[in-house]
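Trainee: kindly return the folded structure for what I paste below:
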Amino acid sequence: MLTIGLENLLAAAPAALDGKRLGLLSNQASTARNLVHGRLLLQQRFGSRLTCLFSPQHGFFCEKQDNMIESAHQMDELTGLPLFSLYGDSRRPSQAMFDHLDVLLIDLVDVGTRVYTFLYTMAYCLEAAAEYGKSVVVLDRPNPVGGIAIEGNILDPEWASFVGLYPLPMRHGLTFGELALLLNQEFKLGADLQVIPMQGWQRSMLFRDTGFPWVFPSPNMPTPETALVYPGQVIWEGTNISEGRGTTLPFELVGTPFWEHAAISRALQHTDLPGCFLRPLLFEPTSGKWAGHGCVGFQLHVTDAATFLPYRTSLALLQSVMQLYPADFSYKEPPYEYEYERLPMDLILGDKRIRQDLEAGVSVAEIEAGWQEGLQEFRAMRMKYLLYR
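Mentor: Predicted coordinates:
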C-alpha cells in the first residue's frame, strides 16, 4: 500500500524535529488517506509545537478562482493557529512569518506541470529558510501524471516569472520532494532541506493507480483527469479562447463561439496526436471567458495516458485556430501573475520563440525537434534527484 510523506512522518518523525517549532505550508488537499487534514494530524502528534500555517495560491480552501485573486492572512478556526497567505500582498514569506518556526513542513499536492505556482511558493520558502536560518522538510506525494514522461521546451530564463522561475520542461516527471532537491541543489537556494519520501509509489503510476483519494488542490483541478490534460491545455489561459473555466470540466473543454468543428478537425489531421480523442461539442461557461455564450469546442479525452502528449496536442490545436481564425483569435493582454508588460502566452510557454514559430507556420513536429537536446540535458540532471526508481 502506498503511504505518503505526511503519513510516514507521523509514524516515525525524524530526530531533527525534536523540540522544534513547526510551521506547515499546505492547503485543503493536504490530507492523509483517511481524508483527515494534515494540520489536524500534526497538531495531534506535536501539540503546541505546531505554531503556524501557510497557504499557496487560491487560498487554503482553494476558494479563489483565478490568477491575481489574493487571499488574506487569517486565523484557522480548527487549530487556532495563524494562517499566513503566500499569495497576498507578497508571494514570499517574511522574516516575521518565519520567526514563528524553526522547521517549515511543506505538504502540497502538485500536478507535475512547470506553470503550477505551488512549485515557486516552495522555492521562495527554500530561499527564505536559507536567509533566516530555518530548516525545511518536504512531505512527498505522488506526481498525478506519473514520474516517467517529460515533455516540452525548457524555459528560457529571459521569460522567467511566477509561472516559471527555473529552466524546467512543461511536464517534468518529478515529485514535489524531488523538485525541492533539484531546485535547492542546482539553483543554489541553500536551504537546510530534508524530504520524507513515500513508500510504495512507482514512477509508472498515474494518480488513479495509487489508490489514494483525490482532493482538488486548486479550484479548476477537480479530478486527476484534469491534471492529465493540464500540461497542454493551460496554454489557453494566454488567449481569448475558453479553457473550460466556468464549466464542470475545466481544461478538458476548450472552445469559443467562432470555432468550427469540421475545419479544425481537418487542420489537426496533419499532426500525430496519440493517446487522445478530441470530441466535438458545444458548451456554455457560467463564468470566465465567454460566460453565457455558446462555445463551439472539444472535450479532450485521454484514451491512452502512456502515449498521450498533452503539450503537443494543445500546441497543434492552438496553431490550427491561429491560422483558421486570424481576425477573431487574440492573445490575452497583461497583467498575468503579477507581470504587467510581457505577453502572458510567452510566460506560459516559457519562450517567446515557441509562439513566434507557431505564428510562422513552423510545424509542431519541427518545433519539438528543437527542444530535444535541452530535454536530454534535463533528463540527465534529474536522474541525480530521483527518490523512486
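
Trainee: give me the nearest residue to the spatially most central residue of the chain, chain neighbours excluded.
Mentor: Nearest residue to the geometric centre of the chain (CA atoms, centre = their mean): residue 116, 2.6 Å. Using CB to CB, 6 or more residues apart in numbering and skipping residues adjacent in sequence, the residue nearest residue 116 is residue 110, 6.2 Å away. C-beta here means a position set from N, CA and C on the backbone, and glycine is covered the same way.

Trainee: any idea which element that neighbour lies in?
Mentor: For residue 110, there is no host helix or strand (DSSP states H and E).

Trainee: that one: how many residues sit nearby?
Mentor: Per other CB atoms under 10 Å, the neighbour tally for residue 110 reads 24.

Trainee: and what of the one 5 residues further on?
Mentor: Look at residue 115: counted by other CB under 10 Å, it has 24 neighbours.

Trainee: could you do residue 16 as well?
Mentor: Residue 16: 12 surrounding residues under other CB under 10 Å.

Trainee: what pLDDT does it get?
Mentor: For residue 16, the model assigns a pLDDT of 91.

Trainee: repeat for the one 10 residues further on
Mentor: Taken from the predicted model, the pLDDT recorded for residue 26 is 98.

Trainee: before we move on, what about residue 66?
Mentor: Residue 66 carries a pLDDT value of 80.

Trainee: so it sits in a helix?
Mentor: No. Using DSSP: H, G, I helix; E, B strand; the rest coil, the assignment for residue 66 is coil, not a helix.

Trainee: tell me the spacing between it and residue 224.
Mentor: 22 Å (CB to CB, to the nearest Å).

Trainee: and those two? which has more neighbours close in?
Mentor: Neighbours were counted for residue 66 and for residue 224 using other CB under 10 Å; residue 224 has more, 20 against 13.

Trainee: so what's the more buried one closest to, chain neighbours aside?
Mentor: Spatial nearest neighbour of residue 224, chain neighbours left out: residue 207 (3.8 Å); criterion: CB to CB, 6+ apart.

Trainee: ok, the one you found touching residue 225?
Mentor: No. With contact defined as CB atoms under 8 Å, residue 207 does not reach residue 225; the gap is 9.0 Å.

Trainee: returning to that earlier point: and the residue nearest to residue 116, what does it touch?
Mentor: Each residue near residue 110 by CB atoms under 8 Å, 6 or more residues apart in numbering is listed here: 116, 118, 119, 141, 143, 144, 175, 176, 179, 217.
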